[in-house]
Structure formats: C-alpha cells, structure tokens
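Trainee: Okay, structure incoming, though there's no sequence with it:
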C-alpha cells in the first residue's frame, strides 16, 4: 500500500494496536538499519515531534546480511562456471551483465567502514571477488579475457584497495599471509606487472618487525613450494606455476629487504631459489628490480658480483654499468 493508505489505517487503530504494528515492523529491520537509521529517527520524533530534512535525505544503510548472501551466491556461481558456460541457473542476459553486478558489490563493500562491525567480513567478501577476477586472467571464468578491465580497475589498484581494507582490521598473521598470497600466487591482468603487486605488499608493512615477520612467512612458503615441486612431473603446469610462485615470493622478499636496507642476504636467497634457464636472466631480473628501487651503488655491486660468478650481462647493462661507474 501507499504511505497515505498506511497513515489512514494507522489512524483507525487503537493505541495498543499501533504499538504492536510498530514493534513488528521494527523487528523486520536489520541491526545496522536499526542503529543507523531507525533509532536516531525515533529519538528525533520523540524529542522534537518531527523529522528533519537532513534525516529524511540520509542515504539508505546497506543491509550487510543481504549483501553477504548475494556476494557468496555470486562467488559460488563463478566457481561452478555459471557466468561462462551455458546453464539454466544464471540466465544469458545476466551472464553478459556480470561486470555491473561486480561493480555494485565493490561499491557497496567500500561504503562499509573497514574498522566497523562488518569491516573484516566485508573485506573477506572483497577478497573473494578479487581472487575470482584474478582467476579469470588465466582461465575462462567470465565472458571476458581481462576481468579487471571489464570492471574498470587495474589489478594493482584493486589489490591496493584490498590491502588497505584488510590491514585496517589489523596486521594479524592471517592477514599478512593472505595479502602475501594475493600478491604472489595469482594470475595477473594483461595491463599490469606482477612486481607491482609485490611492491604494494612490501610497501604496506609499516614497521621493521612486520617486515621481518613477512620475510619469515615468505621463507616458509618457499620451503613448502619446493617440497611440492619434487612431487610434480617435469613439464607439468603445476610445476611451472610453483616455480612462478617461488619467484614472486623471492622478489617480494628482496623488495622488503631493500626497504630494510639489508639486501645482501635477499640477493643470495634469490640466486639460490629462482632457477631460470641461465644465470644471465636471473641477473637481469635482479638488476631491473634494483634499478627501479634507485640504488645505483647496489646495482654496481650486484653487476660486479655477477661477473665474478662468470655471468656475461647483456650489452645494455654493460653500457649502464660503465655509465654508473663513471658518474660515481
């Protein structure tokens, strides 16, 4: 019924009937709706006899329970392949509009303060969306080869948003490990570099204690992955993926160590655990990361160390080495 019809009916009710109807309607509201909208409005009516225009214009509160259910159903359907393969569960028209659904989920989640009652849980929902989009960068999951581009956000930007929300709830061991995995063990979109995610993670750790703790976790992961490598077939996809995960872990360890001004052990660790087809490629990757960090003295030391290892660097690096030596 329309609001005027409701008012007319309420005028016909006795006092105890009005109280009963109000109580039952109040029960239908979620906890967040009660605390944010209903309770302040009730207090305002009792104290002033009216509702201010500002209260009337207040944006509706997100019903977290409903949002949670919708996101979890979406994630489940993605896992079942319902947004890519023909099926009767998700209609074709809805499959083609999946990106609008995701955009709306991201918008609603970001409207929930990270440090609020539902902050941690909402961040987990955002993480679920991030992981499905990343999965879609390597496997057909959505009607798109670049899911992040489809929702209008680069993967590093999404990951940075996720990191900020997650760590706003605390730098727990679980949060540190989850964000480390989401930087190093995911598929990457076509417009980004994996090292961008590694750098975001390394730069998100505000204290030395957290950085050392993260380094400890990285070494645990690498040890575990290397044990798994021994069980995989020589040319299997799983073996390739584990090597890639180890490499990203080692890159992240180096970036964290650079921020601690303690790169030497990390460079030794990188040589030990990253196995390229030849050492020149390993040196190339190391020098590129150090170059991006802007430490010319370290760059020279690593280059000269490579020469001592018998590595013949490519000509572009040889030219850069002589230029840096001259300027230093």
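Mentor: Done, it's in. Quick caveat, the model's predicted, so the values are computed rather than measured.
Trainee: quick one: the helices in the stretch 101-250 of the chain?
Mentor: With DSSP state H, counting those that start in this stretch as the criterion, the stretch 101-250 of the chain has helices at 119-135, 147-150, 155-167, 173-184, 194-203, 208-229, 237-259.
Trainee: okay if I get these as JSON lines plus mean pLDDT?
Mentor: Output for those, formatted as JSON lines (pLDDT from 0 to 100):
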{"stretch": "helix 119-135", "mean pLDDT": "97"}
{"stretch": "helix 147-150", "mean pLDDT": "96"}
{"stretch": "helix 155-167", "mean pLDDT": "97"}
{"stretch": "helix 173-184", "mean pLDDT": "98"}
{"stretch": "helix 194-203", "mean pLDDT": "96"}
{"stretch": "helix 208-229", "mean pLDDT": "97"}
{"stretch": "helix 237-259", "mean pLDDT": "95"}
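Trainee: Mind putting those into TSV with mean neighbour count and distance to residue 40?
Mentor: C-beta here means a position set from N, CA and C on the backbone, and glycine is covered the same way. Shown next, in TSV, are these (neighbours: other Cβ atoms under 10 Å; distance: least, Cβ to Cβ, whole Å):
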stretch	mean neighbour count	distance to residue 40
helix 119-135	20	21
helix 147-150	22	39
helix 155-167	20	26
helix 173-184	18	33
helix 194-203	21	38
helix 208-229	15	39
helix 237-259	20	45
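Trainee: Let me know which of the ones you listed is the nearest to residue 22.
Mentor: helix 119-135 (30.4 Å; Cβ to Cβ).
Trainee: Off-centre distance for the closest one?
Mentor: Helix 119-135 has its C-alpha centroid displaced from the chain centroid by 7 Å (Cα atoms, centre = their mean, to the nearest Å).
Trainee: quick revisit: to residue 313, which of the helices of the stretch 101-250 of the chain lies closest?
Mentor: Closest to residue 313 of the helices of the stretch 101-250 of the chain is helix 237-259 (Cβ to Cβ; 18.2 Å).
Trainee: Between the helices of the stretch 101-250 of the chain, which one is closest to residue 92.
Mentor: helix 147-150 (16.9 Å).
Trainee: Which other helices and strands does that closest one contact?
Mentor: Here helix 147-150 touches helix 119-135, going by 3 or more Cβ pairs under 8 Å, 6 or more residues apart in numbering; DSSP states H and E.
Trainee: Does residue 269 touch residue 249 like I think?
Mentor: No - counting by Cβ atoms under 8 Å, residue 269 stays clear of residue 249, with 9.9 Å between them.
Trainee: Throw the helices of the stretch 101-250 of the chain into a markdown table and include distance to residue 48, thanks.
Mentor: Formatted as a markdown table, those follow (distance: least, Cβ to Cβ, whole Å):
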| stretch | distance to residue 48 |
| --- | --- |
| helix 119-135 | 33 |
| helix 147-150 | 49 |
| helix 155-167 | 37 |
| helix 173-184 | 44 |
| helix 194-203 | 49 |
| helix 208-229 | 50 |
| helix 237-259 | 55 |
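Trainee: who wins for proximity to residue 67 among these?
Mentor: The nearest among the helices of the stretch 101-250 of the chain, by Cβ to Cβ, is helix 119-135 at 7.5 Å.
Trainee: Packing partners of the closest one?
Mentor: Using 3+ Cβ pairs under 8 Å, 6+ apart: helix 119-135 touches helix 64-79, helix 98-110, helix 147-150, helix 155-167, helix 173-184.
Trainee: And the contacts of it?
Mentor: 64, 67-68, 71-72, 74-75, 78-79, 102, 105-106, 109-110, 112-114, 141, 147-148, 151, 155, 158-159, 161-162, 165-166, 168-169, 178, 182, 186-189 (Cβ atoms under 8 Å, 6 or more residues apart in numbering).
Trainee: 6 Å - rerun?
Mentor: 71, 75, 78, 109, 112-113, 141, 147-148, 158, 162, 165-166, 169, 186-187 (Cβ atoms under 6 Å, 6 or more residues apart in numbering).
Trainee: Ok, stretch 172-180 next?
Mentor: With contacts defined as Cβ under 6 Å, 6+ apart, stretch 172-180 is touched by 163, 166, 201, 214, 217.
Trainee: try 7 Å
Mentor: 127, 163, 166-167, 169, 201, 213-214, 217-218, 252 (Cβ atoms under 7 Å, 6 or more residues apart in numbering).
Trainee: nearest to residue 13, of the residues you listed?
Mentor: For the contacts of stretch 172-180, the nearest to residue 13 is residue 169 (45.9 Å; Cβ to Cβ).
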